[in-house]
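1. below is the structure, and that's it, no one-letter string:
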C-alpha cells in the first residue's frame with residue numbers, strides 16, 4: 001500500500017483514494033421502487049419521490065469461523081470484533097489492534113487487519129444517556145496490544161494534496177458520537193456511523209470500511225459519504241452462541 005500524506009499537529013490523513021479499480025456493485029434498480037411523500041398546503045398538494053436505499057458492495061456470508069455478522073445496533077457493554085468482506089480477494093478481514101506499517105513509515109490512521117478471527121481485537125460499545133449514541137473502545141485480546149483501552153474517533157484531516165477528508169485516531173477519553181444507522185446517503189450501510197465537525201459540506205460523517213482503490217488495500221479507514229456505496233463496509237461480529 002503506497003500512500004503520500006502530511007500529518008499536521010491536529011490533523012492526520014486517512015482514507016485511501018477510491019478512484020481506481022472498483023469492483024462492480026450489486027445492482028439494485030430503483031426504477032419502480034420509489035416511495036412518495038404527499039405534502040399539502042394552501043389548498044395544493046405535491047408528491048416528492050424518494051429513492052429506496054441501494055445495496056452496498058457484497059458484505060459476504062452472514063456467519064464465519066464461529067462468528068455472526070451483527071445487523072442491528074450494538075448492545076451496551078457487549079464485546080464484538082470488527083470486520084469486512086473483501087470482494088476481490090474473497091476473504092474476511094478483521095481489525096487486529098495495530099495499524100498499517102511498511103518501508104515508508106507508520107500509518108496510525110489505517111487500522112491493520114487479520115484473516116484469523118482468533119487474532120481479532122475486541123471492541124465494546126458504551127451508550128450515552130440518550131441510549132442512542134455510544135463510544136467504541138478497543139478492549140484488547142487481539143494480535144497486537146497497541147491501542148488497548150483507547151477509543152475510536154473520526155475527525156476531519158488534511159490531505160497531502162490539499163483538501164480535507166475523514167480520518168481515524170485513537171484517543172484516551174470516550175467519544176460517544178457513534179450511532180447505528182440502517183441507511184445513509186441512499187446506501188443501505190447497516191453499520192455504525194459518526195458525525196463530526198467538518199469544513200467540507202456533506203462530509204461531516206463517516207463509517208468504517210476498507211477502500212477499494214486497489215486490491216492490496218486490506219486496512220480499515222474512515223469513509224465519508226462519497227464512498228459509502230463503494231467501500232467494503234465494516235460490521236460488528238459476535239460469537240455464535
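-> Ah, there it is. Everything numeric in this text was worked out from a predicted model, so none of it was measured. Residues are numbered from 1 along each chain as shown.

2. from here on, contacts and neighbour counts on C-alpha atoms
-> Will do.

3. confidence-wise, which helix or strand of the chain is lowest on average?
-> strand 35-41 (a mean of 36; mean pLDDT, DSSP states H and E).

4. show me the contacts for the residue minimising distance to the centre of the chain.
-> Nearest residue to the geometric centre of the chain (Cα atoms, centre = their mean): residue 208, 1.4 Å. Applying Cα atoms under 8 Å, 6 or more residues apart in numbering, we find residue 208 in contact with 192, 193, 220, 221, 222, 223, 233, 234.

5. bridged to it, which residues?
-> Judged by DSSP bridges, the bridge partners of residue 208 are residue 222.

6. swap in residue 184?
-> Per DSSP bridges, the residues bridged to residue 184 are residue 187.

7. how far away is it from residue 240?
-> 28 Å (Cα to Cα, to the nearest Å).

8. so which of the two has more stuff around it?
-> Neighbours of residue 184 and residue 240, each counted by other Cα atoms under 10 Å, are more numerous for residue 184; the result is 19 against 11.

9. for the lengthiest strand in the chain, name the packing helices and strands.
-> The single longest strand within the chain, with elements called by DSSP state E, is strand 91-102. Contacts defined by 3 or more Cα pairs under 8 Å, 6 or more residues apart in numbering; DSSP states H and E place strand 91-102 against strand 79-86, strand 105-114.

10. the residue nearest to residue 124 when sequence neighbours are not counted and residue 107, how far apart?
-> Excluding the flanking residues, the one nearest residue 124 by Cα to Cα, 6 or more residues apart in numbering is residue 79, at 4.7 Å. Applying Cα to Cα, the value for residue 79 to residue 107 is 26 Å.

11. also residue 181?
-> Going from residue 181 to residue 107 by Cα to Cα gives 28 Å.

12. now do stretch 118-133, average pLDDT.
-> For stretch 118-133, mean pLDDT is 98.

13. equivalent analysis for stretch 100-111, please.
-> On average, the pLDDT along stretch 100-111 is 92.

14. pull out the buried residues from it.
-> By 16 or more other Cα atoms under 10 Å, the buried positions in stretch 100-111 come out as 100, 107, 108, 109, 110, 111.

15. just stretch 182-192 next, same as before
-> The neighbour-count check on stretch 182-192 (16+ other Cα under 10 Å) flags 183, 184, 186, 187, 188, 189, 190, 191, 192 as buried.

16. can you check stretch 125-132 too?
-> 125, 126, 127, 128.

17. what's the burial count for the closest residue to the last one other than its chain neighbours?
-> Yep, that's residue 128 we're talking about. Spatial nearest neighbour of residue 128, chain neighbours left out: residue 134 (5.5 Å); criterion: Cα to Cα, 6+ apart. Using other Cα under 10 Å, residue 134 has 25 neighbouring residues.

18. any idea what residue 134 is bridged to?
-> Per DSSP bridges, the residues bridged to residue 134 are residue 127, residue 178.
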